[in-house]
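In: Sequence first, then the predicted structure:
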Amino acid sequence: MTTPAIYLASRSPRRGALLQQIGVPFTPLAVDVPETRQTKETPEEFVHRLALDKARAGWKSPQRQDQLPVLGADTAVVLESQVLGKPAGPDEAVAMLTRLSGRSHRVLSGVALVRGAREAVRLSASIVRFRATTAAERRGYCATGEPLDKAGAYAIQGLAAAFVSRLEGSYSGVMGLPLYETVELLTAFGAFTLGGSDD
């Protein structure tokens with residue numbers, strides 16, 4: 001059994017799969033952090049704070065058994081200056097997808113690493129453009145259930161890939177964990193070596 005390198009303050013299967021993709025063994029932690037945007041908080045500040053809050057909550061978690069660093073992440077879909085969170089149900093999901101149709105939006109992903117008093121945060125910003133979608137396509141997509149637990153009501157790695165006409169930035173960041181920035185942090189904390197150790 002592989003020894004974990006970090007804790008992941010998330011139960012997201014997408015973030016777990018991305019860490020596995022780059023060969024980082026981890027132990028997931030369930031954390032409960034309110035995801036409410038504060039007054040006058042910019043989308044960038046919001047994502048930065050939530051990623052750090054999640055990592056801090058993971059560090060304080062009674063589930064944590066040792067001194068491994070804790071990784072927290074947060075992703076927001078931003079249309080103009082409005083943050084589109086996870087839809088409350090199919091109707092809200094359809095409404096979000098209608099707003100995104102034929103337009104470009106930003107996806108901000110923050111990633112934070114905490115080990116005791118040492119903390120660091122990185123931010124990834126991407127631009128995603130949706131082609132014009134039809135009402136039938138939007139309803140059909142929402143009927144699959146895929147968008148219901150996703151920020152902005154879509155998963156770029158899923159069926160919604162059919163809606164994306166252009167991506168500028170980080171594909172993994174749009175999925176929920178920007179790997180470039182994640183590797184930067186893990187390397188700085190001594191928790192990542194590409195190809196593993198030579199020992």
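Out: Yep, that arrived.

In: Only C-alpha atoms from now on, for both contacts and neighbour counts.
Out: Will do.

In: got the contact list for A76?
Out: P43, V47, V83, L84, G85, V107, L108, S109, A151, G152 (C-alpha atoms under 8 Å, 6 or more residues apart in numbering).

In: who's in contact with the first one?
Out: Residues in contact with P43 (C-alpha under 8 Å, 6+ apart) are A76, V78, S81, Q82, V83, L108.

In: could you measure the first one against D66, distance?
Out: Right, A76. A76 is 31 Å from D66, where distance means C-alpha to C-alpha, to the nearest Å.

In: which residue sits closest to the residue most central in space within the chain, ignoring its sequence neighbours?
Out: Nearest residue to the geometric centre of the chain (C-alpha atoms, centre = their mean): G176, 2.4 Å. If you skip the residues right next to it in sequence, G176 has T75 as its closest partner in space, 5.6 Å away by C-alpha to C-alpha, 6 or more residues apart in numbering.

In: Secondary structure element for that neighbour, which one?
Out: Here T75 sits within strand 70-79, counting by DSSP states H and E.

In: Touching the helix or strand following that strand from outside, list them.
Out: Note on strand 70-79: by DSSP H and E, the next helix or strand toward the C-terminus is strand 82-84. Residues outside strand 82-84 that contact it (C-alpha under 8 Å, 6+ apart): P43, A76, V77, V78, M96, A151, G152.

In: What values do phi and psi take at the residue nearest to F26 when sequence neighbours are not counted?
Out: Leaving aside its sequence neighbours, F26 sits nearest to P4 (C-alpha to C-alpha, 6+ apart; 4.5 Å). In terms of degrees, to the nearest 10, the main-chain angles of P4 are phi -60, psi 140.
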